[in-house]
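here's a sequence, model it:
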Amino acid sequence: MIKRSAQAAPRKPRRDAQRNRERILETAKAAFTRHGAEASLDEIAKQAGVGAGTLYRHFPTRDALIEAVYRSDVEKLAAAEGRFAAAMPPIEALRAWMLLLVDYIAAKHIIAPALNSVVGGPSRLYESSRSSIHGAMQSLVQRAKASGDIRRDADASDLLRAMIGVSLVGSGSDWQQSAKRLVDILIAGSQPEKPT
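Presented below is the predicted three-dimensional model:
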């Protein structure tokens, strides 16, 4: 007789179920951006090309869907660190990821009203994402330090604070372009001094 483990490994979702989930998340992000937290879930399902039952099977509540949209963006940002590190020299990977961080912050600003509707507020979500984002930045900074592309005293937390700070101060529509220029300034300022 074959004994089964008391705790079987969770099954991975089928490929079509995963595609449905991703389509729902992309559609929901666009809907929450346009219509806020009260966007119609039935309309989101329709626009994603799935039935309402499929949407509710993946996301049983509106809050669950809003949270999943936010977490999906964080996961994509964190995963980009590995892709960039594998495909680019250290300084270019750091720069590319910081530019992606600007886009992530911009998207977070847009969906913030929907996040504010989540029970308990968005601070719990922001707190849980902080370590993923900091870990990705830390890894890229360490790699750039090891290659000699940036100074030994460069700090991932300082770079993150600068990027987040410019997004908080930026009230105009051009803050995103300003933040992208800041990426180049931060990268240049983090490079080691050249001997004279």
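
quick check: closest non-adjacent residue to D63.
V118 (4.9 Å; Cβ to Cβ, 6 or more residues apart in numbering). To be clear about C-beta, it is placed using only N, CA and C from the backbone, and glycine gets the same treatment.

so what's that neighbour up against?
Each residue near V118 by Cβ atoms under 8 Å, 6 or more residues apart in numbering is listed here: 63, 66-67, 125.

if you set the cut-off to 10 Å instead, what comes out?
Listed by Cβ atoms under 10 Å, 6 or more residues apart in numbering, the contact partners of V118 are 37, 61-64, 66-67, 70, 124-125.

tell me the spacing between it and S167.
21 Å (Cβ to Cβ, to the nearest Å).

check I187 too.
The spacing between I187 and S167, counted by Cβ to Cβ, is 17 Å.

the helix or strand of the chain with the lowest mean pLDDT - contacts with which helices or strands?
None of the helices or strands of the chain scores lower by mean pLDDT, DSSP states H and E than helix 156-169, at a mean of 84. Helices and strands in packing contact with helix 156-169 are listed as helix 90-115, helix 123-147, helix 175-190; criterion 3 or more Cβ pairs under 10 Å, 6 or more residues apart in numbering; DSSP states H and E.

quick one: that helix to helix 90-115, angle?
Angle between the axes of helix 156-169 and helix 90-115 is 40 degrees (criterion: axes from the mean of the first three to the mean of the last three Cα atoms, to 10 degrees).

pull the residues that contact helix 156-169.
Looking at what lies outside helix 156-169 - Cβ under 10 Å, 6+ apart - the contacts are 94, 98-99, 101-102, 104-106, 108-109, 130, 133-142, 144-145, 150, 155, 175-176, 178-183, 185-187, 189-190.

try it again at 7 Å.
Among residues not part of helix 156-169, those counted as contacts by Cβ atoms under 7 Å, 6 or more residues apart in numbering are 98, 101-102, 105, 134, 137-138, 141, 175, 178-179, 182, 186.

considering those residues, which is situated nearest to Y56?
Distances from Y56 to those, taken as Cβ to Cβ, are shortest for I105 (30.6 Å).

residue contacts, that closest one?
Taking Cβ under 7 Å, 6+ apart as the criterion, I105 is in contact with 164, 167.

repeat for K180
Residues near K180 by Cβ under 7 Å, 6+ apart: 99, 102.
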